[in-house]
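Asks: Whatever this is, show me its structure:
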Amino acid sequence: MENVKSWKSPRCSLSQVKGVPLLEPTVQNWALVENFRARSDDLLIATYPKAGTTWTQEIVDLILNDGDAEKCRRAPTHKRMPFLELFPVHSLESGVSDLEKMPSPRVIKTHLPIQLVPQSFWDNNCKVIYMARNAKDSVVSYFHFDQMNHIQPDPGPWDQYLHKFMQGQLGWGYWYDHVKGYWREKETKRILYLLYEDMKEVGRERNPRDEVIRVMHFLERSLPDDIIDQIIELTSFSVMKENPMANYSTFPDSLFDRSVSTFMRKGEVGDWQHHFSPEESRLFDEHYEKMMSGTSIPFRTQL
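Replies: Alright, predicted model coming up:
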(Lines give C-alpha, C1' and ligand atoms only; values in the text may rest on other atoms or scores of the structure.)
Protein backbone atom coordinates (compact mmCIF):
# COMPACT_ATOMS: atom_id res chain seq x y z
CA MET A 1 0.00 0.00 0.00
CA GLU A 2 1.29 3.45 -0.90
CA ASN A 3 2.60 5.47 2.02
CA VAL A 4 0.05 8.22 2.71
CA LYS A 5 2.75 10.76 3.58
CA SER A 6 4.41 10.28 0.20
CA TRP A 7 1.17 10.77 -1.74
CA LYS A 8 0.80 14.11 -3.50
CA SER A 9 -2.56 15.41 -4.67
CA PRO A 10 -3.04 15.93 -8.42
CA ARG A 11 -2.56 19.52 -9.50
CA CYS A 12 -5.45 21.56 -10.91
CA SER A 13 -5.49 22.96 -14.42
CA LEU A 14 -6.53 26.50 -15.38
CA SER A 15 -9.60 27.60 -17.31
CA GLN A 16 -10.86 31.11 -17.94
CA VAL A 17 -13.63 33.37 -16.68
CA LYS A 18 -14.02 36.49 -18.83
CA GLY A 19 -10.45 36.10 -20.05
CA VAL A 20 -8.92 35.60 -16.59
CA PRO A 21 -7.26 32.21 -15.89
CA LEU A 22 -8.54 30.62 -12.69
CA LEU A 23 -8.30 27.16 -11.16
CA GLU A 24 -10.62 24.71 -12.88
CA PRO A 25 -12.74 23.97 -9.75
CA THR A 26 -13.36 27.72 -9.39
CA VAL A 27 -14.42 28.01 -13.03
CA GLN A 28 -16.76 25.02 -12.69
CA ASN A 29 -18.43 26.71 -9.71
CA TRP A 30 -18.23 30.27 -11.00
CA ALA A 31 -21.98 30.92 -10.68
CA LEU A 32 -21.67 30.50 -6.91
CA VAL A 33 -18.94 33.14 -6.79
CA GLU A 34 -20.62 35.56 -9.17
CA ASN A 35 -23.91 35.34 -7.27
CA PHE A 36 -22.32 35.46 -3.82
CA ARG A 37 -24.37 37.65 -1.51
CA ALA A 38 -22.15 40.07 0.35
CA ARG A 39 -23.38 41.75 3.51
CA SER A 40 -22.96 45.45 4.18
CA ASP A 41 -20.53 44.82 7.06
CA ASP A 42 -18.32 42.39 5.11
CA LEU A 43 -14.66 43.33 4.75
CA LEU A 44 -12.88 42.07 1.64
CA ILE A 45 -9.11 41.61 1.67
CA ALA A 46 -7.93 41.48 -1.94
CA THR A 47 -4.47 40.80 -3.36
CA TYR A 48 -2.72 39.28 -6.31
CA PRO A 49 -1.30 35.94 -5.10
CA LYS A 50 1.76 36.16 -2.83
CA ALA A 51 1.47 39.87 -2.15
CA GLY A 52 1.15 39.79 1.64
CA THR A 53 -2.38 38.39 1.87
CA THR A 54 -1.89 36.42 5.09
CA TRP A 55 0.05 39.31 6.63
CA THR A 56 -2.85 41.69 5.91
CA GLN A 57 -5.37 39.18 7.24
CA GLU A 58 -3.48 38.80 10.51
CA ILE A 59 -3.16 42.57 11.00
CA VAL A 60 -6.88 43.00 10.38
CA ASP A 61 -7.88 40.16 12.71
CA LEU A 62 -5.71 41.53 15.51
CA ILE A 63 -7.13 45.03 15.10
CA LEU A 64 -10.70 43.71 15.13
CA ASN A 65 -9.88 41.70 18.27
CA ASP A 66 -8.12 44.54 20.10
CA GLY A 67 -4.71 42.90 19.79
CA ASP A 68 -5.78 39.74 21.61
CA ALA A 69 -3.36 37.10 20.31
CA GLU A 70 -5.31 34.21 21.84
CA LYS A 71 -8.52 35.17 20.06
CA CYS A 72 -6.60 35.28 16.80
CA ARG A 73 -5.40 31.73 17.42
CA ARG A 74 -8.98 30.44 17.55
CA ALA A 75 -8.58 28.82 14.11
CA PRO A 76 -6.24 28.78 11.10
CA THR A 77 -6.30 31.80 8.80
CA HIS A 78 -8.35 30.10 6.08
CA LYS A 79 -11.08 29.31 8.60
CA ARG A 80 -11.13 32.72 10.28
CA MET A 81 -11.18 34.57 6.94
CA PRO A 82 -12.35 32.19 4.18
CA PHE A 83 -11.04 32.31 0.62
CA LEU A 84 -14.05 33.33 -1.48
CA GLU A 85 -13.23 31.56 -4.76
CA LEU A 86 -11.70 28.39 -3.29
CA PHE A 87 -13.74 25.31 -4.14
CA PRO A 88 -13.41 21.70 -3.02
CA VAL A 89 -9.99 20.58 -4.07
CA HIS A 90 -9.37 17.15 -2.60
CA SER A 91 -9.88 17.70 1.16
CA LEU A 92 -10.60 21.44 1.27
CA GLU A 93 -14.03 22.95 1.87
CA SER A 94 -15.58 25.62 -0.31
CA GLY A 95 -14.95 29.24 0.62
CA VAL A 96 -18.52 30.12 -0.31
CA SER A 97 -20.00 27.41 1.90
CA ASP A 98 -17.79 28.44 4.83
CA LEU A 99 -18.80 32.07 4.39
CA GLU A 100 -22.50 31.32 4.17
CA LYS A 101 -22.30 29.67 7.60
CA MET A 102 -20.35 32.52 9.22
CA PRO A 103 -22.01 35.14 11.39
CA SER A 104 -21.45 38.81 10.63
CA PRO A 105 -19.18 40.66 10.45
CA ARG A 106 -17.14 38.54 8.05
CA VAL A 107 -13.62 39.08 6.76
CA ILE A 108 -13.21 37.56 3.31
CA LYS A 109 -10.10 36.81 1.27
CA THR A 110 -9.93 36.99 -2.52
CA HIS A 111 -7.35 37.07 -5.30
CA LEU A 112 -9.94 38.07 -7.89
CA PRO A 113 -9.16 41.08 -10.11
CA ILE A 114 -11.61 43.87 -9.46
CA GLN A 115 -13.74 43.17 -12.54
CA LEU A 116 -14.54 39.68 -11.22
CA VAL A 117 -15.44 40.71 -7.66
CA PRO A 118 -19.13 39.85 -7.14
CA GLN A 119 -21.37 42.86 -7.74
CA SER A 120 -22.99 42.47 -4.32
CA PHE A 121 -19.82 43.83 -2.65
CA TRP A 122 -20.21 47.10 -4.55
CA ASP A 123 -24.01 47.19 -4.17
CA ASN A 124 -23.52 46.94 -0.40
CA ASN A 125 -20.69 49.51 -0.38
CA CYS A 126 -18.38 47.03 1.36
CA LYS A 127 -14.93 48.03 2.53
CA VAL A 128 -11.98 46.55 0.66
CA ILE A 129 -8.33 46.42 1.73
CA TYR A 130 -6.01 45.85 -1.21
CA MET A 131 -2.35 44.95 -0.71
CA ALA A 132 -0.01 45.28 -3.69
CA ARG A 133 3.57 44.06 -4.00
CA ASN A 134 6.16 44.96 -6.63
CA ALA A 135 6.06 42.74 -9.71
CA LYS A 136 9.55 41.25 -9.47
CA ASP A 137 9.22 40.03 -5.90
CA SER A 138 5.64 38.91 -6.63
CA VAL A 139 6.66 36.59 -9.45
CA VAL A 140 9.55 35.10 -7.45
CA SER A 141 7.33 34.41 -4.45
CA TYR A 142 4.57 33.01 -6.68
CA PHE A 143 7.07 30.69 -8.39
CA HIS A 144 8.26 29.20 -5.11
CA PHE A 145 4.67 28.90 -3.90
CA ASP A 146 3.57 27.07 -7.04
CA GLN A 147 6.45 24.65 -6.63
CA MET A 148 5.28 23.59 -3.15
CA ASN A 149 1.50 24.02 -3.61
CA HIS A 150 0.07 20.90 -5.23
CA ILE A 151 -3.31 22.57 -5.78
CA GLN A 152 -1.77 24.93 -8.35
CA PRO A 153 -0.61 23.94 -11.87
CA ASP A 154 2.99 22.72 -12.17
CA PRO A 155 5.13 25.87 -12.49
CA GLY A 156 7.78 24.34 -14.74
CA PRO A 157 11.23 25.97 -15.01
CA TRP A 158 11.84 29.55 -13.88
CA ASP A 159 12.43 31.07 -17.32
CA GLN A 160 9.14 29.70 -18.65
CA TYR A 161 7.31 30.74 -15.50
CA LEU A 162 8.57 34.30 -15.79
CA HIS A 163 7.29 34.44 -19.37
CA LYS A 164 3.87 33.16 -18.26
CA PHE A 165 3.72 35.82 -15.55
CA MET A 166 4.50 38.56 -18.06
CA GLN A 167 1.83 37.23 -20.43
CA GLY A 168 -0.86 36.93 -17.76
CA GLN A 169 -1.02 33.13 -18.08
CA LEU A 170 -0.79 32.28 -14.36
CA GLY A 171 -3.73 31.84 -12.04
CA TRP A 172 -5.66 35.11 -11.53
CA GLY A 173 -4.21 36.61 -14.68
CA TYR A 174 -2.11 39.67 -15.36
CA TRP A 175 -0.40 41.18 -12.31
CA TYR A 176 -0.42 44.51 -14.19
CA ASP A 177 -4.19 44.60 -14.69
CA HIS A 178 -4.78 43.40 -11.13
CA VAL A 179 -2.86 46.16 -9.37
CA LYS A 180 -4.08 48.85 -11.77
CA GLY A 181 -7.73 47.80 -11.49
CA TYR A 182 -8.01 48.39 -7.75
CA TRP A 183 -5.84 51.52 -7.97
CA ARG A 184 -8.22 53.12 -10.49
CA GLU A 185 -11.25 52.46 -8.29
CA LYS A 186 -9.79 53.46 -4.92
CA GLU A 187 -11.29 56.95 -5.00
CA THR A 188 -14.80 55.90 -6.07
CA LYS A 189 -15.14 52.80 -3.91
CA ARG A 190 -14.25 52.17 -0.26
CA ILE A 191 -10.81 50.74 -1.03
CA LEU A 192 -7.74 51.14 1.18
CA TYR A 193 -4.73 50.56 -1.09
CA LEU A 194 -1.60 49.36 0.71
CA LEU A 195 1.89 48.76 -0.64
CA TYR A 196 3.88 45.79 0.64
CA GLU A 197 7.11 47.77 0.51
CA ASP A 198 5.66 50.52 2.70
CA MET A 199 4.66 47.89 5.24
CA LYS A 200 8.19 46.43 5.26
CA GLU A 201 10.12 49.68 5.42
CA VAL A 202 11.55 50.81 8.72
CA GLY A 203 12.41 54.49 9.11
CA ARG A 204 12.42 57.15 6.40
CA GLU A 205 8.97 58.34 5.31
CA ARG A 206 6.92 55.27 6.22
CA ASN A 207 7.11 52.39 8.64
CA PRO A 208 4.91 49.48 9.67
CA ARG A 209 3.29 51.52 12.45
CA ASP A 210 2.02 54.13 9.96
CA GLU A 211 0.46 51.44 7.80
CA VAL A 212 -1.12 49.55 10.71
CA ILE A 213 -2.64 52.83 11.90
CA ARG A 214 -4.02 53.45 8.39
CA VAL A 215 -5.70 50.04 8.51
CA MET A 216 -7.02 50.72 12.01
CA HIS A 217 -8.55 54.04 10.96
CA PHE A 218 -10.05 52.46 7.85
CA LEU A 219 -11.70 49.87 10.09
CA GLU A 220 -12.96 52.72 12.30
CA ARG A 221 -11.17 51.37 15.33
CA SER A 222 -9.06 53.10 17.96
CA LEU A 223 -6.40 51.26 19.91
CA PRO A 224 -3.81 52.50 22.45
CA ASP A 225 -0.16 52.72 21.43
CA ASP A 226 0.90 49.65 23.39
CA ILE A 227 -1.68 47.49 21.59
CA ILE A 228 -0.55 48.86 18.23
CA ASP A 229 3.03 47.95 19.15
CA GLN A 230 1.88 44.48 20.13
CA ILE A 231 0.10 44.03 16.76
CA ILE A 232 3.25 45.07 14.90
CA GLU A 233 5.28 42.50 16.85
CA LEU A 234 2.71 39.72 16.41
CA THR A 235 2.57 40.34 12.65
CA SER A 236 6.32 40.46 12.10
CA PHE A 237 7.50 37.84 9.63
CA SER A 238 9.52 35.90 12.22
CA VAL A 239 6.60 35.64 14.65
CA MET A 240 4.02 34.76 12.01
CA LYS A 241 6.29 32.10 10.50
CA GLU A 242 6.20 30.27 13.86
CA ASN A 243 2.45 30.76 14.41
CA PRO A 244 0.63 27.57 13.34
CA MET A 245 -2.63 29.50 13.01
CA ALA A 246 -1.05 31.82 10.41
CA ASN A 247 1.68 29.82 8.66
CA TYR A 248 -0.56 27.21 6.97
CA SER A 249 1.24 24.37 8.73
CA THR A 250 -2.22 22.85 9.34
CA PHE A 251 -2.54 22.12 5.61
CA PRO A 252 -1.74 18.45 4.84
CA ASP A 253 1.57 17.50 3.24
CA SER A 254 -0.36 16.11 0.28
CA LEU A 255 -1.28 19.70 -0.62
CA PHE A 256 1.78 21.68 0.51
CA ASP A 257 5.17 20.05 -0.07
CA ARG A 258 7.25 21.69 2.65
CA SER A 259 10.38 19.84 1.52
CA VAL A 260 10.33 22.26 -1.45
CA SER A 261 9.46 25.47 0.41
CA THR A 262 7.55 26.71 3.43
CA PHE A 263 4.36 28.71 2.87
CA MET A 264 6.05 31.72 4.46
CA ARG A 265 9.44 31.69 2.77
CA LYS A 266 11.33 34.99 3.11
CA GLY A 267 8.96 37.95 3.00
CA GLU A 268 11.73 40.24 1.78
CA VAL A 269 11.86 43.21 -0.58
CA GLY A 270 14.48 42.72 -3.28
CA ASP A 271 14.74 38.91 -3.19
CA TRP A 272 14.13 38.99 -6.96
CA GLN A 273 17.81 39.91 -7.42
CA HIS A 274 18.73 36.31 -6.51
CA HIS A 275 16.55 34.90 -9.29
CA PHE A 276 16.54 37.25 -12.30
CA SER A 277 19.49 37.12 -14.66
CA PRO A 278 20.68 40.55 -15.90
CA GLU A 279 19.07 39.83 -19.27
CA GLU A 280 15.79 38.72 -17.69
CA SER A 281 15.75 41.85 -15.56
CA ARG A 282 16.32 44.07 -18.60
CA LEU A 283 13.58 42.42 -20.65
CA PHE A 284 11.20 42.42 -17.71
CA ASP A 285 11.80 46.13 -17.06
CA GLU A 286 11.11 46.98 -20.72
CA HIS A 287 7.86 44.99 -20.64
CA TYR A 288 6.92 46.52 -17.28
CA GLU A 289 7.32 50.07 -18.60
CA LYS A 290 5.02 49.25 -21.50
CA MET A 291 2.38 47.55 -19.37
CA MET A 292 2.40 50.17 -16.59
CA SER A 293 2.59 53.24 -18.82
CA GLY A 294 0.47 56.08 -17.47
CA THR A 295 0.13 54.51 -14.03
CA SER A 296 1.24 56.37 -10.91
CA ILE A 297 1.43 53.47 -8.42
CA PRO A 298 4.72 54.07 -6.53
CA PHE A 299 6.12 50.53 -6.54
CA ARG A 300 9.67 49.94 -5.31
CA THR A 301 11.81 46.89 -6.00
CA GLN A 302 14.36 47.74 -3.29
CA LEU A 303 14.35 49.56 0.03
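
Asks: I'd guess residue 287 is in a helix, am I close?
Replies: Yes: using DSSP: H, G, I helix; E, B strand; the rest coil, the assignment for residue 287 is a helix.

Asks: Give me the nearest residue to it, chain neighbours excluded.
Replies: Once flanking residues are discounted, residue 287 sits nearest to residue 166: 5.4 Å by CB to CB, 6 or more residues apart in numbering. For every residue, glycine as well, the C-beta is placed using N, CA and C.

Asks: Local confidence estimate at the one you found?
Replies: Residue 166 carries a pLDDT score of 98 in this model.

Asks: And for it, the neighbour number?
Replies: By other CB atoms under 10 Å, 19 other residues sit near residue 166.

Asks: hey, where'd the helices end up in the stretch 101-250 of the chain?
Replies: Along the stretch 101-250 of the chain, counting by DSSP state H, counting those that start in this stretch, helices occupy 119-123, 135-148, 158-166, 175-185, 196-200, 208-218, 225-234, 237-241.

Asks: mind putting those helices in TSV, distance to residue 52 included?
Replies: TSV is the format used below for the helices of the stretch 101-250 of the chain (distance: least, CB to CB, whole Å):
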stretch	distance to residue 52
helix 119-123	21
helix 135-148	9
helix 158-166	17
helix 175-185	13
helix 196-200	5
helix 208-218	11
helix 225-234	14
helix 237-241	10
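
Asks: Quick check: which of those is nearest to residue 296?
Replies: Closest approach to residue 296 among the helices of the stretch 101-250 of the chain is made by helix 175-185 (8.1 Å; CB to CB).

Asks: packing partners for the closest one?
Replies: With contacts taken as 3 or more CB pairs under 8 Å, 6 or more residues apart in numbering; DSSP states H and E, helix 175-185 sits against strand 127-132, helix 135-148, strand 191-195.

Asks: so what pLDDT did the residue positioned nearest the centre of the chain get?
Replies: Closest to where the C-alpha atoms of the chain average out (CA atoms, centre = their mean) is residue 53, at 3.2 Å. With respect to pLDDT, residue 53 scores 92.

Asks: quick one: it and residue 287, what's the gap?
Replies: Residue 53 sits 25 Å away from residue 287, going by CB to CB, to the nearest Å.

Asks: Figure out how far the helix or strand of the chain with the lowest mean pLDDT is from the centre of its chain.
Replies: Of all the helices and strands that make up the chain, helix 237-241 has the lowest average by mean pLDDT, DSSP states H and E, namely a mean of 71. Chain-centre distance of helix 237-241: 16 Å, with CA atoms, centre = their mean, to the nearest Å.

Asks: same thing with stretch 162-177?
Replies: On CA atoms, centre = their mean, the centre of stretch 162-177 falls 15 Å from that of its chain.

Asks: what do you get for stretch 38-56?
Replies: On CA atoms, centre = their mean, the centre of stretch 38-56 falls 7 Å from the chain's centre.

Asks: for stretch 119-131, same thing?
Replies: 16 Å.

Asks: List the buried residues in it.
Replies: 120, 121, 122, 126, 127, 128, 129, 130, 131 (16 or more other CB atoms under 10 Å).

Asks: Do I have it right that the fourth one meets residue 45?
Replies: No: counting by CB atoms under 8 Å, residue 45 is not a contact partner of residue 126; they are 11.1 Å apart.

Asks: that older thread, using JSON lines, lay out the buried residues of stretch 119-131 together with distance to residue 147.
Replies: Output for these, formatted as JSON lines (distance: CB to CB, whole Å):
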{"residue": "120", "distance to residue 147": "35"}
{"residue": "121", "distance to residue 147": "32"}
{"residue": "122", "distance to residue 147": "36"}
{"residue": "126", "distance to residue 147": "34"}
{"residue": "127", "distance to residue 147": "34"}
{"residue": "128", "distance to residue 147": "30"}
{"residue": "129", "distance to residue 147": "28"}
{"residue": "130", "distance to residue 147": "26"}
{"residue": "131", "distance to residue 147": "22"}
